[in-house]
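[1] mind looking at a prediction? Sequence and model below.
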Amino acid sequence: MNKPVEIKFKRLRKELNQIPLPSYATKGSAGLDVYAALEKPITLSRGGIEMIPTNISVEIPEGYEIQVRPRSGLAAKHGIGILNSPGTIDSDYRGEIKIIIINFGKEDFIIQPAERIAQLVVSKVYSAKFIETEELNNTKRGEGGFGHTGR
């Protein structure tokens, strides 16, 4: 088993300290559930978009990121998704983590205080060096894209 990556965090508003911290639901979970840091419910109308606060900021070690991903239950049952999914929290960001939620569903959706609204996945980041060239190696696929191998 890999040693966990240590990520420092701080709560931003004392009056919301009862909101649970991000946590793994099961031993095999890849993502930590993150909770809505709300004082009262918010109605997310059909097609609506809201930035939901989490009341935490983090210090991610250099070489890592946190990806923000939707929760499958909210997506399947209510049509609730995350815009720019997966979102990226960079190692040098120190502001509050906010989750950009969209309602793709057919009905309004009420987000409750302390409700699980997304997952946070810690991932290794690899740096790349782009090198300009006049030629690229050929492959069997070549320039084919956007469904060229079928649906």
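    Yes, it's here.
[2] how about the nearest residue to the residue nearest the centre of the chain, chain neighbours excluded?
    To find the centre residue of the chain, average its C-alpha atoms and take the closest one (Cα atoms, centre = their mean): that gives residue 68, at 0.8 Å. Spatial nearest neighbour of residue 68, excluding adjacent residues (Cβ to Cβ, 6 or more residues apart in numbering): residue 87 at 3.7 Å. For glycine as for every other residue, the C-beta is placed from the backbone atoms N, C-alpha and C.
[3] now the helices: where do they sit in the protein?
    Assigned helices in the chain, in chain order: 72-78 (criterion: DSSP state H).
[4] same for the lengthiest strand in it, what does it pack against?
    The strand that spans the most residues within the chain, counting by DSSP state E, is strand 116-124. The contact analysis (3 or more Cβ pairs under 8 Å, 6 or more residues apart in numbering; DSSP states H and E) places strand 116-124 against strand 32-35, strand 64-69, strand 98-103.
[5] list the contacts of the residue nearest to residue 68.
    Residue 87 makes contact with 67-68, 99-100, according to Cβ atoms under 8 Å, 6 or more residues apart in numbering.
[6] ok, now residue 97?
    Contacts of residue 97 (Cβ under 8 Å, 6+ apart): 34, 54, 56-58, 66, 68, 89, 120.
[7] what's the answer for residue 107, then?
    When contacts are counted by Cβ under 8 Å, 6+ apart, residue 107 is found next to 46, 78.
[8] mind showing which ranges of this structure have poor pLDDT?
    In the prediction, the chain carries residues with pLDDT under 70 at positions 1, 148-151.
[9] circling back: tell me which residues in the longest strand of the chain are buried?
    116-120, 122 (16 or more other Cβ atoms under 10 Å).
[10] again with stretch 97-112
    97, 99-103, 105, 109, 111.
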